[in-house]
Structure formats: C-alpha cells, structure tokens
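Visitor: Just the structure for this:
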Amino acid sequence: MPRLTLLLTLLFCLPAHALAQTTAAITGKAIDLRGAAIEGAHITLTIDGHPPDQQTVSNADGAFSFPAVFPAPFRLTITAAGFAPVTLPGTLLPAQSLTLPPTTLQVSTLTTNVDVTLTQTEIAQEEVQAEEKQRLLGVLPNYYVTYDHNPAPLNTKQKFGLAWKTTYDPVSFGVTALLAGISQARNTYSGYGHGVEGYADRFGANYGDFFTGIMLGGAVFPSLLKQDPRYFYKGTGTKASRLLYALKRSFVCQGDNGHVQFNYSSILGGLASGGISNLYYPAKNRDGAGLTFKNAGLGIVGNAISNVVQEFFLKKVTTNTPRN
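Guide: Residues are numbered from 1 along each chain as shown. Alright, predicted model coming up:
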C-alpha cells in the first residue's frame, strides 16, 4: 500500500512540480528621460512560438511584471501616451527570474503637415516689396512696373504705400532739383523770377506737380476706382504688338477685378493735378483750364513714351528685377 501511494504521487505530483521549475519571470520599470516613473504604460510580452501575447500595465512606480512565462526567446514592447514605443528582445531560460534595467522612453516626435496658403494681400505685399527695390542703373526708382504676368491686385494701403515710397525717395528730390535748375536756366514760368527765391519756387512747383500726379493718379483715384496704377510689362510677342500694347496702356489699365478697363485713374489724376497747379503757378503764367488740360495732355503723352521705353529698354538697366 505505501508503494502504491508513492507511485501515485510520482505520477500526479511530479509533472506539476516539474512545470513549476521550468517557468520563468520578467520584471521591469518604465521611466522617462528625467528618470521619473511612467505610470499606465502598456507592456506587451510576445513569446516566440507560444501565443497568445501577455499584457500588463505599469503601476505608480513604473514597475511591471510577468510572473509565469514560458522560457523561450521573447519580445517586450512598451508603449505610453506621448512617448515613442520601445521593443526589447531577449531569451528566457527555464526557472529564470529576469529583472530588466529601467527602460527609458523617449518623448515622441510629433510630425504635422501644415498647408500654408498665402492670401491675395500677402502675395501683393511680397510683389510690392520686390518692386520697391527696382532701380534704373541701381539709382533711379522704377517702382511702378511689375514683371509678373499675373500679379495680385493691390489694396488701398499698398497703393498709397507705393506712392509714398516714390514721392519721398531721395532720388526723387534730386531729380526735381535738377529739373528746377533747368527750368530756371530757360526762364520757364518767368513769373517766378530769378535768384534763389525763383529757384525755390520752381523746385516747389515741380515737386508739387510730381507729388500730386503720383498721389492722385497712383493712389487716390486707383483706390476709389479699384484700378491698378502699375505698368504690366508684356515682354513677349512681336515688336509691333508690344509697341501697340505700350501705347494703349496710356488709356487702359488693369482693374482690381483682373479685367482691362479704361484708365480713368491716370487721366483724372492728371486733370486734378493740373487743376491744383493753378494754385501755385505764377499768375502771369496761369491759363486756367488751358493749363489744366495742357498738363493732363502732357501727362498722357509722357505716360505713352514712358510705357514704350519701359517695354523695350528699361528692364535691361533695372536692378533687382525678377528672373521670370
């Protein structure tokens, strides 16, 4: 009878005892770069050839454990919100109690795709800033021409900004001073007289014509009538087509809506500037409406000549022009 008991014990108890001796265990800890424990990290244990995977969660100390694991090659994957996942490979031996060193999780890198679309105003501002760097021979302002074949329309602030930039450019004062000297040498508008006072009056009149012409024809009326005061460089086609285009641009312009329109802004600006000139020209040289229409007509002719020169010659001697 004792022998039978011993035999039964060997048959039923030995396998369980042997199994207990062959299982293994894994313990570890999840921490961040500062060494602080990561609570709530998800740990997945994969044993090669022995599914399913085992899973657990780290406690407040960042610790985790798998107390009964089949000895075999394994992969331990640790994931946590805000951190990059970590996978640790290894091999468990029978009855081994494996304590892993603290596993440091790196903060995950967030990749965000940002679609940046510039507004029409922002595009126009970039164009204006580029135009304000354009100078003939690197000296004379050449701001009122755009070499972009499809420029964005200017808003009121940008139109006035371009006008102010032109009228207050130091070179503009220098050119006005030169023209005043020529006018004095020819005794143009003799009512101003001679000497320093006559020169100062001529300088003021010339600058007044220039200032009112730019501000009215390049900012005020274009803003009110929603028209673009710039010359749109063509640069392509036959010489005859380009010549006709440049001459027509004295009478037509680009509207802010993108359509070609009659150039009311330039013509009305010339008439208004001519009317204002009656206020400061000498009484003997005033001709009322005659002076007004004379100055307006000269402005139209001047624009036509300027457009032709702009179309065929000035780009070659203008610095900081766009490559396209």
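Visitor: Low-confidence ranges, the chain, go.
Guide: Where the chain drops to pLDDT under 70, the residues are 1-21, 110-112, 114-115, 286-292, 294-296, 323-324.
Visitor: roughly how far apart are the most centrally placed residue in it and residue 126?
Guide: Nearest to the geometric centre of the chain sits residue 118, at 6.3 Å (Cα atoms, centre = their mean). Noted for residue 118: a distance of 8 Å to residue 126, by Cβ to Cβ, to the nearest Å. Yep, even glycine has a C-beta here, placed from its N, CA and C like the rest.
Visitor: And stretch 195-208, what's buried?
Guide: Within stretch 195-208, the residues scored as buried using 16 or more other Cβ atoms under 10 Å are 198-199, 201-203, 205-208.
Visitor: which of the residues in whichever strand or helix holds residue 224 are buried?
Guide: Per DSSP states H and E: residue 224 is located in helix 221-225. Buried residues in helix 221-225, counted by 16+ other Cβ under 10 Å: 221-223, 225.
Visitor: quick one: contacts of that helix?
Guide: Applying Cβ atoms under 8 Å, 6 or more residues apart in numbering, the external contacts of helix 221-225 come out as 154, 156, 159-160, 227-229, 264-266, 268-269, 272.
Visitor: Alpha carbons of that helix, as PDB, please.
Guide: Output of helix 221-225 as PDB, limited to C-alpha atoms (Å, rounded to 0.1, in the frame of the first residue of the first chain):
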ATOM      1  CA  PHE A 221      -8.100 107.500 -57.900                       C
ATOM      2  CA  PRO A 222      -6.800 103.900 -58.200                       C
ATOM      3  CA  SER A 223      -8.100 103.200 -54.700                       C
ATOM      4  CA  LEU A 224     -11.500 104.900 -55.400                       C
ATOM      5  CA  LEU A 225     -12.000 103.300 -58.800                       C
END
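Visitor: burial measure for residue 169, as a count.
Guide: Residues near residue 169, counting by other Cβ atoms under 10 Å, number 16.
Visitor: Isn't it up against residue 141?
Guide: Yes: contact status for residue 169 versus residue 141: in contact at 5.0 Å, counting by Cβ atoms under 8 Å.
Visitor: What ranges does the stretch 51-200 of the chain have for its helices?
Guide: 120-131, 156-167, 170-185, 195-215 (DSSP state H, counting those that start in this stretch).
Visitor: Which of those helices sits closest to residue 238?
Guide: If you check each of the helices of the stretch 51-200 of the chain against residue 238 by Cβ to Cβ, helix 120-131 wins as the nearest, at 26.8 Å.
Visitor: Quick one, which of the contacts of helix 221-225 are buried?
Guide: Members of the contacts of helix 221-225 classed as buried by 16+ other Cβ under 10 Å are 154, 159-160, 227-229, 265-266, 268-269, 272.
Visitor: if we can go back for a sec, right, and the helix or strand after the helix holding residue 224?
Guide: strand 231-232.
Visitor: List the contacts of that following strand.
Guide: The contact list for strand 231-232 (Cβ under 8 Å, 6+ apart) reads 144-146, 149, 151, 249, 254, 306-307, 310.
Visitor: hmm, 7 Å instead?
Guide: 144-146, 249, 254, 307, 310 (Cβ atoms under 7 Å, 6 or more residues apart in numbering).
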